[in-house]
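>>> I need the structure of the sequence given here:
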Amino acid sequence: MTMGRDRAYYEQQAEQELCLAARADSLDRRRIHLDRAAVFSTMGERADDRRATQRA
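Here you go, the predicted structure:
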């Protein structure tokens, strides 16, 4: 079984996407980066949930 990534990884990815969104040259690109940041944030929360259920 492969290990999933931890929350810190996903937070870092989300932060990078937010930085890219801030520097985007069009609204479409900004929206794409904001959407990606939201996905990484959700994945980080799920990683926490998985770890909590593994400990229980």
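>>> Going by C-alpha atoms from here, please, whenever you check contacts or count neighbours.
Will do.
>>> so what's residue 32 up against?
Shown in contact with residue 32 (Cα atoms under 8 Å, 6 or more residues apart in numbering): residue 21.
>>> I'd like the numbering to begin with 10 instead of 1 from here.
New numbering, starting at 10: the last item is residue 41.
>>> State the phi and psi torsions of it.
phi -60, psi -50 (degrees, to the nearest 10).
>>> Could you point out which residue ranges in this protein have low pLDDT?
10-13, 65 (pLDDT under 70).
>>> residue nearest the centroid of it?
residue 49 (1.5 Å; Cα atoms, centre = their mean).
>>> Now name the helix or strand holding that one.
Per DSSP states H and E, residue 49 falls inside helix 36-64.
>>> now that helix, how far from the centre of its chain.
4 Å (Cα atoms, centre = their mean, to the nearest Å).
>>> Buried ones in it, by neighbour count?
39, 42, 43, 44, 45, 46, 49, 50, 51, 52, 53, 56 (16 or more other Cα atoms under 10 Å).
>>> same check, this time on stretch 17-37
19, 20, 22, 23, 24, 26, 27, 29, 30.
>>> now, which of the buried residues of helix 36-64 sits nearest residue 63?
Minimum distance to residue 63 across those is 10.6 Å, recorded for residue 56 (Cα to Cα).
>>> didn't that closest one look like it was pressed against residue 14?
Yes - counting by Cα atoms under 8 Å, a contact exists between residue 56 and residue 14, whose distance comes to 7.1 Å.
>>> Tell me who's in contact with the residue lying closest to residue 33 once chain neighbours are set aside.
In space, and not counting its chain neighbours, residue 33 is closest to residue 39: 5.2 Å by Cα to Cα, 6 or more residues apart in numbering. Listed by Cα under 8 Å, 6+ apart, the contact set of residue 39 reads 29, 30, 31, 32, 33.
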